[in-house]
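this is a predicted model, with the sequence first.
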Amino acid sequence: MGGAAAAGRVDARLAAARSGASVGETSISAGRTKTREGARYRKLARRIGKDKAQVAVSNTQLKVYYTLLSSPGMRYQDLGADYYDKRAQANRKARYHLAELDALGYDVVLTPRASANSEGTGQSPAA
């Protein structure tokens, strides 16, 4: 009656299944919250179904856990439930206005703004 279990060791497959199940449960619970992960779950569940959304959000959570555990001083700050909506609205507005200017005969090139450090100083980023 030897084996890994008798020696006090944990079967890696069982451990992986249990941890995967617990992360899956937390991803479903996150879908009911007003957080970025909740918004991601609801957005994906509409598009690809609940099961695949659960796996996707679980993967996102694992990436967050890994980042937090590998960087001891790092603190988690949620981006908010409206993170994806804000990002989509900004892209949609930019595309709309570019199309409008193109229809008027203008060629427009968009460049991202300089970092927040140079915006308040009144200096150009190259200075």
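Ah, there it is.

give me the domain ranges for this structure.
The chain breaks down into these domains under automatic domain parsing: 12-70, 83-112.

wait, which of those domains is closest to residue 77?
domain 12-70 (10.0 Å; Cβ to Cβ). Where you see a C-beta, it was placed from the backbone N, CA and C, and this is true even at glycine.

and of the domains of the chain, who's closest to residue 76?
Closest to residue 76 of the domains of the chain, according to Cβ to Cβ: domain 12-70, at 5.8 Å.

please work out the average pLDDT along the helix or strand encompassing residue 90.
If you go by DSSP states H and E, residue 90 is part of helix 83-103. Averaging pLDDT along helix 83-103 gives 87.

that helix packs against which elements?
For helix 83-103, the elements it packs on are helix 36-48, judged by 3 or more Cβ pairs under 8 Å, 6 or more residues apart in numbering; DSSP states H and E.

now the helix it packs on: buried residues?
36-45 (16 or more other Cβ atoms under 10 Å).

just stretch 17-36 next, same as before
23-24, 26-27, 30-31, 35-36.

just the mean pLDDT for it, thanks.
On average, the pLDDT along stretch 17-36 is 81.

likewise for stretch 54-65?
Stretch 54-65 comes out with an average pLDDT of 89.

next, the buried residues of that stretch.
For stretch 54-65, by 16+ other Cβ under 10 Å, it's 54-58, 60-61.

show me where this structure has strands.
Counting by DSSP state E, no segments of the chain form strands.

gap between the residue nearest to residue 45 when sequence neighbours are not counted and residue 24?
In space, and not counting its chain neighbours, residue 45 is closest to residue 53: 4.0 Å by Cβ to Cβ, 6 or more residues apart in numbering. Noted for residue 53: a distance of 11 Å to residue 24, by Cβ to Cβ, to the nearest Å.

and residue 81, by the same measure?
Plainly put, residue 81 is 21 Å away from residue 24 if you go by Cβ to Cβ.

for the residue nearest to the spatial centre of the chain, give me its contacts.
The geometric centre of the chain, computed from its C-alpha atoms, lies nearest to residue 60 (Cα atoms, centre = their mean), at 6.1 Å. By Cβ atoms under 8 Å, 6 or more residues apart in numbering, the contact set of residue 60 is 37, 40.
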